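Asks: sequence first, predicted coordinates after that:
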Amino acid sequence: MWSAILPILQTIVFPGFLFLIAVSFLYEWLDRKIYAWMQFRAGPVLAGPVGILQPLADFVKLMGKEDITPAYADRRIFGAVPIMMVALIFTFWAVVPVTGSAGLVSFRGDVVFALVSMTFFCMLVFLGGFSSADRFSLLGAERAVLQLLGFEIPLMLSLTGVCIHTGSLSLSGIVSWQAENGWTLLGPQAIGFIIFLVAAQAELERIPFDIPEAEQEIVAGWLTEYSGRKLALIRLAKDMELVFVSGLAVALFLGGPVGPSPAGLEWLVYPAYFLIKLALVVAILAFIRGLFARARIDQMVSFGLRYLVPISLAQVAATILWRLA
């Protein structure tokens, strides 16, 4: 009976849906704290100890706000997009290793599965903006697609280098390879790691790549018409996406949750390793957010295609030569 209940508990509680939500709120707080520190502000301070419950309080507040659907919006798509975003990220979270070398679901090719998730999320962003029947939302949706075109290729190439280096298309195989041959791939794939972080920042629509939501230019971009429960779910989905992308970076470049551990305590030590490495990646993304100003859309696309693509191609070529040597 326990063997039948355990997979359900893992899916719902740990390391599944509830764990993902809790970690998403926690690392949103960390991101906001680091960003505030870089601007000489206090950041969240009121809700809970050192403001740690502020993201949860913001979510609950939005859930209680009035939920308005624009008169000319496509109601079905407009209302479905926030739910689909949360469901999409949770579905793809299942492949991220949290407690060992494999996630809740592991199969050959799950690296491609994870990459596709980020493309699908961008498509949902476009649908959300397009269905709003608002000019600012449509502009934000178009910018999101342009951003995808500029950074999807270097992101894919950064993952390609890791897959060639380890000889595996599965996250569990990549994590196991790192455990057997060295703690991380951060050394041989350092350039790929940097490109992954830059492209991930663009995929997450964070400064300096927050062009689809540029509030000084297009109000709130594709989010302009969203409010209440729908906006709460979208913000939750974006927090979950931050954790998902950071978890991918941990698995691909930092050895996943695997590390030195006393015998028999892996069930406790490995998740702790994962959370620490996850915090490191989130902190790096927060520093990038605080260090740079927003780029123009033409600068962003040019940067991705003119610089990141050739550099990532060189990294892949060097990895192939290393494998052949």
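Replies: That came in fine, so what should we check first?
Asks: which helix or strand in this structure has the lowest average pLDDT?
Replies: helix 215-218 (a mean of 69; mean pLDDT, DSSP states H and E).
Asks: and the next element down the chain from that one?
Replies: Reading on from helix 215-218 to the C-terminus, the next helix or strand found by DSSP states H and E is helix 228-253.
Asks: what mean pLDDT does that following helix have?
Replies: Summarised as a single mean, pLDDT over helix 228-253 is 92.
Asks: please name every helix or strand in contact with it.
Replies: Helix 228-253 sits against helix 17-38, helix 54-63, helix 75-93, helix 110-130, helix 135-166, helix 171-181, helix 190-203, helix 266-291, with contacts defined as 3 or more Cβ pairs under 8 Å, 6 or more residues apart in numbering; DSSP states H and E. Quick note: C-beta positions are derived from backbone N, CA and C, even for glycine.
Asks: again, only using 6 Å
Replies: With contacts taken as 3 or more Cβ pairs under 6 Å, 6 or more residues apart in numbering; DSSP states H and E, helix 228-253 sits against helix 17-38, helix 54-63, helix 75-93, helix 266-291.
Asks: mean neighbour count added to those helices, as TSV?
Replies: Formatted as TSV, those follow (neighbours: other Cβ atoms under 10 Å):
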stretch	mean neighbour count
helix 17-38	19
helix 54-63	17
helix 75-93	19
helix 266-291	18
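Asks: okay, these in JSON lines with distance to residue 321 and mean pLDDT next?
Replies: Shown next, in JSON lines, are these (distance: least, Cβ to Cβ, whole Å; pLDDT from 0 to 100):
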{"stretch": "helix 17-38", "distance to residue 321": "37", "mean pLDDT": "92"}
{"stretch": "helix 54-63", "distance to residue 321": "45", "mean pLDDT": "92"}
{"stretch": "helix 75-93", "distance to residue 321": "32", "mean pLDDT": "90"}
{"stretch": "helix 266-291", "distance to residue 321": "28", "mean pLDDT": "91"}
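Asks: how about low-confidence regions in the stretch 51-200 of the chain?
Replies: Flagging of the stretch 51-200 of the chain using pLDDT under 70 yields the residue ranges 183.
Asks: 90 instead, please
Replies: 51, 64-79, 91-92, 99-153, 161, 165-169, 172-173, 176-190, 200 (pLDDT under 90).
Asks: for residue 234, which of the helices and strands packed on helix 228-253 is the nearest?
Replies: helix 75-93 (4.9 Å; Cβ to Cβ).
Asks: just give me the neighbour total for residue 204.
Replies: 19 (other Cβ atoms under 10 Å).
Asks: cool, and residue 51?
Replies: Residue 51: 18 neighbours (other Cβ under 10 Å).
Asks: how about it, nearest residue that isn't a chain neighbour?
Replies: residue 44 (3.0 Å; Cβ to Cβ, 6 or more residues apart in numbering).
Asks: next one: residue 138
Replies: Using Cβ to Cβ, 6+ apart, the closest residue to residue 138 is residue 129 (5.7 Å).
Asks: list the contacts of the one you found.
Replies: 137, 138, 140, 141, 222 (Cβ atoms under 6 Å, 6 or more residues apart in numbering).
Asks: wait, doesn't residue 286 sit right on residue 35?
Replies: Yes: contact criterion Cβ atoms under 6 Å: residue 286 and residue 35 qualify, at 5.4 Å.
Asks: the residue nearest to residue 155 when sequence neighbours are not counted: neighbour count?
Replies: Once flanking residues are discounted, residue 155 sits nearest to residue 199: 3.8 Å by Cβ to Cβ, 6+ apart. Residue 199: 26 surrounding residues under other Cβ under 10 Å.
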